[in-house]
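S.K.: below is the structure, and that's it, no one-letter string:
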């Protein structure tokens, strides 16, 4: 194969990931932060998963505190992460309850940038409460960032300990 063609193929393959990312950004499909379920079995199982995750994070906080690990920066950040995951699970459980279990709220898409929250009893308070619940990423993203920073801190501490051992 001529060198010019090989170079062209190499360039094309090099930029495929970038083109895919650009395509996903420019041509998005619907992405729902709070998942809806068609039947009661799905939502019940999903809610049990949220409860299990919530109680796991509570257990993690108590375990870290009980063992005195919260004296280390990494574990303290992981505790913050667990706290935000607890709040996120409470948020998601509540939102699922309103939209999937008691069907008190439905969302109507008006256009690409607009939607309407419809409540069964025309309560604007419930609509605003549900709207705030839909902002669950404001809890989940900090939780993931704290988890990442906490794990990074623990890895850095471990590397420093290994470097000290090797220098002896």
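M.R.: Here it is on my side, so go on. Quantities reported herein were computed from a predicted structural model and do not represent experimental measurements.
S.K.: host element of the residue positioned nearest the centre of the chain?
M.R.: Centroid check for the chain by CA atoms, centre = their mean gives residue 140 as the closest residue, at 4.4 Å. Using DSSP states H and E, residue 140 maps to helix 137-167.
S.K.: that older thread, residues contacting the residue nearest to the centre of the chain?
M.R.: Applying CB atoms under 8 Å, 6 or more residues apart in numbering to residue 140 gives the contacts 84, 85, 88. C-beta here means a position set from N, CA and C on the backbone, and glycine is covered the same way.
S.K.: report how many residues lie close to the second one.
M.R.: The local packing of residue 85 (other CB atoms under 10 Å) involves 24 other residues.
S.K.: hmm, it is touching residue 55, no?
M.R.: No: at 11.1 Å, residue 85 does not count as touching residue 55 under the criterion of CB atoms under 8 Å.
S.K.: name the residues contacting each of those two.
M.R.: If you check residue 85 and residue 55 against CB under 8 Å, 6+ apart, no residue is contacted by both.
S.K.: one step back: can I get the contacts of residue 140 in CSV including distance to residue 131 and pLDDT?
M.R.: Listed next are the contacts of residue 140 as CSV, based on distance: CB to CB, whole Å; pLDDT from 0 to 100:
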residue, distance to residue 131, pLDDT
84, 20, 98
85, 22, 98
88, 16, 98
